[in-house]
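Novice: Below are the sequence and a predicted model; questions follow.
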Amino acid sequence: MQRLAGQVAIVTGGAQGIGGATARRLAEEGARVLIADVDEATAKRNAETITQAGGTATVVIADVGKPEDIRGMVAEAVRLWGKLNILVNNAYSPSGADTSGSAIEVSEEAWDAGLAVLMKSIFLGTKHAVPVMATSGGGAIVNISSVHGLLMAPRSLIYEAGKSAVIGMTKQMATDFGPLGIRVNAICPGHIVTERQQQLQWADNPTGYKFFEEQYPLRRCGRPVDIANAIVFLCSEEASFITGHALAVDGGLTIQLQENLGVHLAHYMRENPETKLPY
């Protein structure tokens, strides 16, 4: 039985990676999926994969940092299918910003640009989707945060602040929109090996990848489908009493004591001296 049969979903950044896998899983569960992305060619390939598997999907080109694109994205879902039940705020604006540095290192300009990139897309997506979702009988919004919203890394003020803010926004939005029948939750992924990350980060460093996996209690990194499965659950009736929650999907990364992790990795390096560190 398809858990999302008859529902209409928008996935921002749905061309590939976490968004791509999410679009495919939502469609497998019966949702009609609008893939919103700036990469038209890749988005269309993902939509074709979905339709060839018997699902329903189409593409809209949208920069989630632009209000007019967000309005158009929501309007297109309504034009095609008459309603909106699910919004996955996965993408952030491709305009980019340098998010590295501590509070004494980052400039005010980088702070303003970085926070806008990390947070504005979620604000805009929710702003324009909620009125339509309310008239559609309610629904579910899932915002993509990160383990970096739960645990902090050095010299990463902007990114950590932005991903922490996504969790706070999720809880606040859940409070506002629960009475409308709209649930709002967040996912905090660990390291997810997307197609792009595999090519740019790991293809030439298999020993570094193995070292990275050793940081996780499950001894593997995540796959896009791991996050997609959690999103499907949060959008389904099985999660009908869950809202305002930040779900860590991280292979146990955030539950372990750091001193024990350090001992394990030191032992691993002694046993595997050929390892090329990934950082």
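Specialist: Received the coordinates, thanks.

Novice: The nearest residue to residue 42 once chain neighbours are set aside: neighbour count?
Specialist: Sequence neighbours aside, residue 15 is the residue nearest to residue 42 in space, at 4.1 Å (criterion: CB to CB, 6 or more residues apart in numbering). Placement of C-beta: from N, CA and C, glycine included. By the measure other CB atoms under 10 Å, the count of residues near residue 15 is 25.

Novice: cool, residue 29 as well?
Specialist: Quick note: residue 29 (other CB under 10 Å) scores 19 neighbours.

Novice: ok, the closest residue to it other than its chain neighbours - contacts?
Specialist: Nearest non-adjacent residue to residue 29, counting by CB to CB, 6+ apart: residue 4, 4.2 Å away. With contact taken as CB atoms under 8 Å, 6 or more residues apart in numbering, residue 4 is in contact with 26, 29, 30, 31, 86, 232, 235, 236.

Novice: now those as JSON lines including secondary structure?
Specialist: Conversion of the contacts of residue 4 to JSON lines gives the following (DSSP: H, G, I helix; E, B strand; the rest coil):
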{"residue": "26", "secondary structure": "helix"}
{"residue": "29", "secondary structure": "coil"}
{"residue": "30", "secondary structure": "coil"}
{"residue": "31", "secondary structure": "coil"}
{"residue": "86", "secondary structure": "strand"}
{"residue": "232", "secondary structure": "helix"}
{"residue": "235", "secondary structure": "helix"}
{"residue": "236", "secondary structure": "coil"}
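
Novice: Mind checking which of those are buried?
Specialist: 26, 29, 31, 86, 232, 235, 236 (16 or more other CB atoms under 10 Å).

Novice: need the residues you listed in JSON lines with pLDDT and distance to residue 266, can you?
Specialist: As requested, these are exported to JSON lines (pLDDT from 0 to 100; distance: CB to CB, whole Å):
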{"residue": "26", "pLDDT": "98", "distance to residue 266": "42"}
{"residue": "29", "pLDDT": "98", "distance to residue 266": "44"}
{"residue": "31", "pLDDT": "98", "distance to residue 266": "46"}
{"residue": "86", "pLDDT": "98", "distance to residue 266": "45"}
{"residue": "232", "pLDDT": "98", "distance to residue 266": "39"}
{"residue": "235", "pLDDT": "98", "distance to residue 266": "42"}
{"residue": "236", "pLDDT": "98", "distance to residue 266": "43"}
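
Novice: for those, which one is nearest residue 183?
Specialist: Residue 183 lies nearest to residue 235 out of the buried ones among the contacts of residue 4, by CB to CB, at 8.5 Å.

Novice: Could you list which residues are in contact with the closest one?
Specialist: By CB under 8 Å, 6+ apart, the neighbours of residue 235 are 4, 7, 9, 26, 31, 86, 88, 140, 142.

Novice: circling back to that earlier point, now distance to residue 69 too, for the buried ones among the contacts of residue 4, in CSV please.
Specialist: CSV is the format used below for the buried ones among the contacts of residue 4 (distance: CB to CB, whole Å):
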residue, distance to residue 69
26, 21
29, 27
31, 22
86, 19
232, 26
235, 23
236, 28
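
Novice: and which of these is nearest to residue 276?
Specialist: Closest approach between the buried ones among the contacts of residue 4 and residue 276, by CB to CB: residue 232, at 36.3 Å.

Novice: on that earlier part again, let me know the closest of the buried ones among the contacts of residue 4 to residue 258.
Specialist: residue 232 (31.9 Å).

Novice: where do the strands sit along the stretch 1-150 of the chain?
Specialist: Using DSSP state E, counting those that start in this stretch, the strands of the stretch 1-150 of the chain run over 8-12, 32-37, 56-61, 86-89, 139-144.

Novice: would JSON lines of the contacts of residue 235 with distance to residue 276 be doable?
Specialist: Shown next, in JSON lines, are those (distance: CB to CB, whole Å):
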{"residue": "4", "distance to residue 276": "43"}
{"residue": "7", "distance to residue 276": "46"}
{"residue": "9", "distance to residue 276": "41"}
{"residue": "26", "distance to residue 276": "38"}
{"residue": "31", "distance to residue 276": "42"}
{"residue": "86", "distance to residue 276": "41"}
{"residue": "88", "distance to residue 276": "35"}
{"residue": "140", "distance to residue 276": "42"}
{"residue": "142", "distance to residue 276": "36"}
